[in-house]
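J.: Give me the fold of what follows.
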Amino acid sequence: MIKKLCHVKYAGLIIALIFVLFSWLFPMHGMAQECGYGTSAQDCQHQLRDDAAREEYNRFNQSQQQGQEDINYDSTPPMPHKEIHWGAIAIDKKKVLVNDKELKFMGVSSMKKTMEEAQKAALEMCESDGSNDCEVVESVPNQCLSISIAKDNGMAYFFAPTVHDSMAISQMKCNQAHKDCKVAYTACSYADF
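T.: So this is what the prediction gives:
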């Protein structure tokens, strides 16, 4: 009887030791803890990206209230992916024409496999309006681009991890310098997971 109790006692101790060792070797960090158990890896990646964008948007709002404008918007955490897609925007800054009917002397691209392809497509679109002075102003991987316009030829664009955040921030930036801005263009370049 005493031998059986000793074996049970040692079995419990061995199981506890194995559990502690397993926990030490394989800590429960990462996506499962951050997104909740039962969340798929892809949903978790989108949730983490959306959370990062919201955090950046809140920092932008706080800095605007404090009068600071130089914020690094490229703080989105890198996400594991199979294939990157690029987007770009090119503008002829001297001729750009923006109103509620057209966007001229501006070119955009999305879902291109390389940065060079995205830049080339945006430049070609901009130059198709007859400009020789188009230049790429930004090219970004795995983000959404939104362009907001005002009736007085004003505009603002913004790249963000989500379409909602790119729209909100481009419209907010446009309204800081112009009146009655609205989102005129949105496109996303999502990575394949």
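
J.: and Asn175, which of the three is it?
T.: helix (DSSP: H, G, I helix; E, B strand; the rest coil).

J.: show me the contacts for it.
T.: 148, 181 (CB atoms under 8 Å, 6 or more residues apart in numbering). The way it works is simple: take the backbone N, C-alpha and C, and place the C-beta from them, glycine included.

J.: Next, work out how far apart it and Ile149 are.
T.: Per CB to CB, to the nearest Å, Asn175 is found 11 Å from Ile149.

J.: So in terms of bridging, what pairs with Ile149?
T.: Taking DSSP bridges as the rule, Ile149 bridges to Met155, Lys182.

J.: That should have said Trp86, apologies.
T.: Applying DSSP bridges, one finds that Trp86 bridges with Lys112, Pro141.

J.: Quick check: neighbours shared by Asn175 and Ile149?
T.: What both Asn175 and Ile149 touch, as defined by CB under 8 Å, 6+ apart, is the set Cys181.

J.: looking at this, Lys151 is in a helix?
T.: No - using three-state DSSP, the secondary structure at Lys151 is coil, not a helix.

J.: all strands of the chain, in order?
T.: Using DSSP state E, the strands of the chain run over residues 86-91, 97-98, 103-104, 106-112, 135-141, 144-149, 155-160, 182-188.

J.: Could you verify my assumption that Ala184 touches Ser148?
T.: Yes - when contacts are counted by CB atoms under 8 Å, Ala184 is listed as touching Ser148 (6.6 Å).

J.: neighbour count winner among those two?
T.: For the pair Ala184 and Ser148, the greater number of neighbours falls to Ser148 (27 against 21), based on other CB atoms under 10 Å.
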